[in-house]
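In: how would this look folded up:
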Amino acid sequence: MTFQQEFVVARIRQRSSVLLLAHLTLFVSVFVLAFVSGKVFDQWINITIYSALGLLLVIFWLLPTWRYAANFVDVTTTRIVLHGGLFGRAKREVPLDRITSIDIARGGAIALSVLDEEPLMLEKLPRAKELAEQLRRTLAK
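Out: Residues are numbered from 1 along each chain as shown. Prediction:
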């Protein structure tokens, strides 16, 4: 029995523009924190401001950044693995020999048609047309 070694060809992440709101929230929070830290307020106002900023940072900066880091596509020599979810544990693996076609869908998404399964949609990827063409060339080999 022979085993084929599997090598990671590429790891593809979403466009970095999905983090625009997250970075804007971080900038505004740090600006407000710097503005408030030099002023003298009552204790309850300081606690309220720090709590509100902390909650905003967790919801609008930490969670989107964490999700961005956990969602990616691994293209290997034998399969395509889509990692998803908040912790990156949700996976969908598609062997390269089961992919029948690669199409560009609406919104710049890449649709990989799979035998006897629903298509694998790769969304919000940078340069989707170039990536689809590269995948087509890789599958043709």
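In: quick one: the strands in this protein?
Out: Ranges of strands in the chain, per DSSP state E, are 8-13, 72-76, 79-84, 90-95, 99-104, 110-114, 120-122.
In: would TSV of the ones you listed with distance to Val40, mean neighbour count and mean pLDDT be doable?
Out: For the C-beta atoms, the positions are set from N, CA and C on the backbone; glycine is no exception. Converted to TSV, these look like this (distance: least, CB to CB, whole Å; neighbours: other CB atoms under 10 Å; pLDDT from 0 to 100):
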stretch	distance to Val40	mean neighbour count	mean pLDDT
strand 8-13	44	14	90
strand 72-76	47	17	91
strand 79-84	47	18	92
strand 90-95	49	13	91
strand 99-104	58	14	91
strand 110-114	56	18	92
strand 120-122	53	17	90
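In: mind putting those into CSV with distance to Ala34?
Out: Converted to CSV, the strands of the chain look like this (distance: least, CB to CB, whole Å):
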stretch, distance to Ala34
strand 8-13, 31
strand 72-76, 34
strand 79-84, 36
strand 90-95, 38
strand 99-104, 45
strand 110-114, 42
strand 120-122, 40
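In: to Leu57, which of these lies closest?
Out: strand 8-13 (22.0 Å; CB to CB).
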